[in-house]
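**Student:** Sequence and predicted structure, then a few things I'm wondering about:
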Amino acid sequence: MLNRRSRVLIVEDDVKTSETIALYLRHAGYDVAQSLDGEAALEKTASWEPDLVVLDLMLPKVSGLEVCAKLRSAGDVPIIMLTARTTETDRLRGLESGADDYVSKPFSPRELVARVKAVMRRRTTSANERVSFGEVEIDAGARDARVNGAPLALTPTEFGLLLALCRQPKVVRTRDELIAEVIGFDYEGTERTIDVHVRNLRRKIGEAGGRTRIRAVFGAGYKIESDA
């Protein structure tokens, strides 16, 4: 069977913006589907199974934040959130709800395509790499992370972050290092993006009963430690 092209679902209620995004993504080699509201997006995701979702924050019927939360509870499909809101708090709310990245409106379609490619790259790891630390076990090729044998439901960014920290346990990794390794050198967002992903990762490890801790080192970055 031939490998199918990667699928991107665009969830945007402004038809002109949606068509522009679709044009650029198709030109970049992606199969594209479009939904104009949150309710239709949830239905389309269930039936079409996209490899990535570009999701507007402000949507009719079901809000972008609610769609993001529902998609995240159902699986690990990568999500890039579009937001016209300008405050950092609004943007970080999207990350806290489970988005992997965000792009602020107005934006360059080429920048959005670059972000899509970057998020897709995070899903591609060495097929033979296995990393363990404390009670955390990671099979990079299978994209499987476990705590005490229990699977962790991680976003691609959270998975990459845990892998990066476990590769160098007890070593302080700066935010810039983590951004470069997990997100990409061309990332233009705020360093606080990493902080949000760390908080989400800590919560999920704790909910799984893990004693592995991701510690903030003031003025330096983060390191992973374990009592296991």
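**Tutor:** Alright, I've got the coordinates.

**Student:** So for stretch 164-174, first residue to last residue, what's the gap.
**Tutor:** Taking CA to CA, to the nearest Å, the first and last residues of stretch 164-174 lie 11 Å apart.

**Student:** Could you do stretch 22-38 as well?
**Tutor:** Note: stretch 22-38 ends 18 Å apart using CA to CA.

**Student:** Show me how this protein divides into domains.
**Tutor:** 7-121, 130-226 (automatic domain parsing).

**Student:** now those in JSON lines, with mean neighbour count and mean pLDDT?
**Tutor:** Where you see a C-beta, it was placed from the backbone N, CA and C, and this is true even at glycine. Formatted as JSON lines, these follow (neighbours: other CB atoms under 10 Å; pLDDT from 0 to 100):
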{"stretch": "domain 7-121", "mean neighbour count": "18", "mean pLDDT": "90"}
{"stretch": "domain 130-226", "mean neighbour count": "17", "mean pLDDT": "86"}
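
**Student:** quick one, strands of this protein?
**Tutor:** Remark: strands assigned in the chain by DSSP state E are 7-11, 31-35, 52-56, 79-83, 101-104, 130-133, 136-139, 144-147, 150-151, 173-174, 212-217, 221-226.

**Student:** Note down every partner strand of the second one and its orientation.
**Tutor:** Taking DSSP bridges as the criterion, strand 31-35 pairs within the sheet with strand 7-11 (parallel).

**Student:** Could you tell me the angle between the strand it pairs with and strand 79-83?
**Tutor:** Here strand 7-11 runs at an angle of 30 degrees relative to strand 79-83 (axes from the mean of the first three to the mean of the last three CA atoms, to 10 degrees).

**Student:** quick check: angle from strand 7-11 to strand 52-56?
**Tutor:** Using the same axes, to 10 degrees: strand 7-11 against strand 52-56 is 10 degrees.
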